[in-house]
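In: Quick one: sequence plus predicted model below, questions after.
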Amino acid sequence: MNSSEIAALLPSVFQRTLAPATPLDALLRVMEALHAPAEDIVDSLDAICDCHRTDDNFVPYLASWVDLERIFAPHEDNEGLISTGVGRLRELIGQAAYLSKWRGTRKGLKCFLETAVGATGFEIDEPADQPFHLRVTAPGSLQQHRALIERIVNVERPAYATWEVQFAPAPPATP
């Protein structure tokens with residue numbers, strides 16, 4: 001709100017006495033400066049609630065709105081909440097409604113894992129000799145994200161199933 005808009009809200013006796021370089025003019029300019037930070041926040045409120053445009057420090061809070069803190073690493077601060085970084089957490093927030101729809105299913109588990117680590121190649125099997133048991137095979141290149149993958153499998157698997165995570169052999173490095 002600029003000083004002329006604030007002046008329009010004043011009683012007419014103040015409006016008649018308003019002139020440049022007067023104490024009232026100075027007061028209105030101070031009021032304008034005091035309103036500016038709050039107006040900037042209100043003008044960008046849509047960006048604050050958008051998982052792709054908000055500040056990195058606000059992303060964990062948005063994640064809590066869609067119940068994703070259940071996959072966070074136990075940690076003292078907001079650094080390292082998931083091992084794949086804040087970009088992957090943003091993607092999980094963006095996909096939260098879809099993932100919630102498929103929670104507790106093989107399709108939902110696979111989609112959640114792929115979104116969280118940004119890679120494909122997960123296999124989910126229920127061995128014939130072990131009913132109600134899921135064997136999740138992750139690509140070998142994702143070994144550094146084992147803890148995250150295990151947390152996701154634990155909370156997103158069908159409730160009736162036990163589980164295990166194994167890693168496929170990493171492809172040989174090309175010379």
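Out: Now that the structure is in, tell me what you want to look at.

In: Report the buried residues of the longest helix along the chain.
Out: Scanning the chain for the helix with the most residues, using DSSP state H, yields helix 23-43. For helix 23-43, the neighbour count (16 or more other C-beta atoms under 10 Å) marks 28, 32 as buried. Heads up, the C-betas are built off the backbone N, CA and C, glycines and all.

In: could you say what helices and strands that helix packs with?
Out: helix 3-9 (3 or more C-beta pairs under 8 Å, 6 or more residues apart in numbering; DSSP states H and E).

In: How about residues contacting the longest helix of the chain?
Out: Residues outside helix 23-43 that contact it (C-beta atoms under 8 Å, 6 or more residues apart in numbering) are 1-3, 6-7, 14, 17-19, 48.

In: again with stretch 110-121
Out: The contact list for stretch 110-121 (C-beta under 8 Å, 6+ apart) reads 71, 82, 84, 87-88, 91-92, 95, 98-99, 102, 122, 124, 136, 138-139, 141-142, 145, 148-149, 152-153, 156, 168.

In: let's see it at 7 Å
Out: 82, 84, 88, 91-92, 95, 99, 102, 122, 124, 139, 142, 145, 148-149, 152, 156 (C-beta atoms under 7 Å, 6 or more residues apart in numbering).

In: for stretch 9-21, same thing?
Out: Under the contact criterion C-beta under 7 Å, 6+ apart, stretch 9-21 has outside partners 7, 24-25.

In: hmm, 6 Å instead?
Out: 7, 24 (C-beta atoms under 6 Å, 6 or more residues apart in numbering).

In: taking the mean pLDDT, what do you get for it?
Out: The average pLDDT within stretch 9-21 is 89.

In: Give me the buried entries from the contacts of helix 23-43.
Out: The neighbour count (16+ other C-beta under 10 Å) marks 3, 7 as buried among the contacts of helix 23-43.

In: Dump the contacts of helix 23-43 to JSON lines, plus distance to R29.
Out: JSON lines is the format used below for these (distance: C-beta to C-beta, whole Å):
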{"residue": "M1", "distance to R29": "12"}
{"residue": "N2", "distance to R29": "9"}
{"residue": "S3", "distance to R29": "5"}
{"residue": "I6", "distance to R29": "9"}
{"residue": "A7", "distance to R29": "10"}
{"residue": "F14", "distance to R29": "15"}
{"residue": "T17", "distance to R29": "16"}
{"residue": "L18", "distance to R29": "11"}
{"residue": "A19", "distance to R29": "13"}
{"residue": "I48", "distance to R29": "28"}
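
In: between the contacts of helix 23-43, which is closest to W65?
Out: Within the contacts of helix 23-43, proximity to W65 (C-beta to C-beta) peaks at I48, which comes in at 12.0 Å.

In: Please report how far the closest one lies from D40.
Out: With the distance defined as C-beta to C-beta, to the nearest Å, I48 ends up 11 Å from D40.
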